[in-house]
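Asks: have a look at this prediction, sequence included:
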Amino acid sequence: EVQLVESGGGLVQPGGSLRLSCAASGFSFSNSWMYWVRQAPGKGLVWVSRINSEGSTTSYADSVKGRFTISRDNAKNTLYLQMNSLRAEDTAVYYCARGSGNSYRLDYWGQGILVTVSS
Amino acid sequence: DIQMTQSPSSLSASVGDRVTITCRASQSISSYLNWYQQKPGKAPKLLIYAASSLQSGVPPRFSGSGSGTDFTLTISSLQPEDFATYYCQHSYTIPVTFGGGTKVEIK
């Protein structure tokens, strides 16, 4: 069974940092492209970042470029999102998701983790 | 970026009704269109990919159609467990973008 479990969320002050983790199991993590998607309270889904299976290619939404860094440890079957210079508008539930093959569709999602940026 | 516009933003329907949700892309995306279902407090779930292919385990009352810029998601006979919010997403290029969602509520 495919499982994605996010951790590391919580309350952080504006300008602060947080690192999210996503522990993967039940599939070949090292062969899968992975994604982060976020959802502000009561709002829709917004793509944040993507990383290829080797970790050599990454992409970011303009809203987080230069502040967030996606990475992965294939030996630990874990995906990360380092979030720096956090703003109130980064407040959201963050989901990790698996890409299906080389497509940009997301076939399995974690349960999500809440990040709240507030003083 | 490719903009995805869903309509309606919400609808009320009864169990057994046929429901259709529309998604329009700001440029042609061929058949690179996916549909997700999200229930309150839960993660999205992939229902339809490549515009019309049913994801494994999804009931056949869900179907998708369209290509180019106009797409539809149809639920042939609405069931109690189908009350949720539905999102379209293009997978044509990065950045992928989602529609604003359609909330299906009980009439």
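Replies: Looks like it arrived, so ask away. Remember, predicted model here, so these are calculated numbers, not experimental data.
Asks: near chain A, which residues of chain B show up?
Replies: Applying Cβ under 8 Å from any Cβ of the partner chain, we find that chain B lies next to chain A at B:32, B:34, B:36, B:38, B:42-46, B:49-50, B:55, B:87, B:89, B:91-101. To be clear about C-beta, it is placed using only N, CA and C from the backbone, and glycine gets the same treatment.
Asks: now the residues you listed: which count as buried?
Replies: B:32, B:34, B:36, B:38, B:43-46, B:49-50, B:55, B:87, B:89, B:91-92, B:95-101 (16 or more other Cβ atoms under 10 Å in any protein chain shown).
Asks: which of these fall within strands?
Replies: Those of those mapping onto strands are B:34, B:36, B:38, B:45, B:46, B:49, B:87, B:89, per DSSP state E.
Asks: how about the third one: what's its closest non-neighbour residue?
Replies: By that I understand residue B:38. Nearest residue to residue B:38, sequence neighbours excluded (Cβ to Cβ, 6 or more residues apart in numbering or on different chains): residue B:44, at 4.5 Å.
Asks: you'd agree the one you found is up against residue A:45?
Replies: Yes. With contact defined as Cβ atoms under 8 Å, residue B:44 reaches residue A:45; the gap is 6.5 Å.
Asks: which neighbours do the two have in common?
Replies: B:36, B:38, B:87 (Cβ atoms under 8 Å, 6 or more residues apart in numbering or on different chains).
Asks: turn those into a markdown table, columns for pLDDT and distance to residue A:58.
Replies: Output for the shared contacts of residue B:44 and residue A:45, formatted as a markdown table (pLDDT from 0 to 100; distance: Cβ to Cβ, whole Å):
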| residue | pLDDT | distance to residue A:58 |
| --- | --- | --- |
| B:36 | 98 | 23 |
| B:38 | 98 | 26 |
| B:87 | 98 | 24 |
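Asks: residues touching the residue nearest to residue B:38, list them.
Replies: Taking Cβ under 8 Å, 6+ apart, one finds A:45, A:95, A:106, A:109, B:36, B:37, B:38, B:87 in contact with residue B:44.
Asks: okay, these in CSV with distance to residue B:26 next?
Replies: Shown next, in CSV, are the contacts of residue B:44 (distance: Cβ to Cβ, whole Å):
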residue, distance to residue B:26
A:45, 17
A:95, 24
A:106, 21
A:109, 25
B:36, 19
B:37, 23
B:38, 23
B:87, 16
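Asks: which one of the residues you listed sits closest to residue A:117?
Replies: Sorting these by distance to residue A:117 puts residue A:95 at the head of the list, at 17.2 Å, by Cβ to Cβ.
Asks: quick check: that closest one vs chain B, distance?
Replies: Distance, residue A:95 to chain B, by Cβ to the nearest Cβ, to the nearest Å: 6 Å.
Asks: surely that residue meets residue A:46?
Replies: No. Residue A:95 is beyond contact range of residue A:46, at 10.3 Å (criterion: Cβ under 8 Å).
Asks: who's more crowded, the two?
Replies: residue A:95 (24 against 18; other Cβ atoms under 10 Å in any protein chain shown).
Asks: wasn't the more buried one part of a helix?
Replies: No. Under DSSP: H, G, I helix; E, B strand; the rest coil, residue A:95 falls outside any helix and is assigned strand.
Asks: contact partners for it?
Replies: Contacts of residue A:95 (Cβ under 8 Å, 6+ apart): A:6, A:36, A:37, A:38, A:39, A:109, A:110, A:111, A:112, B:43, B:44.
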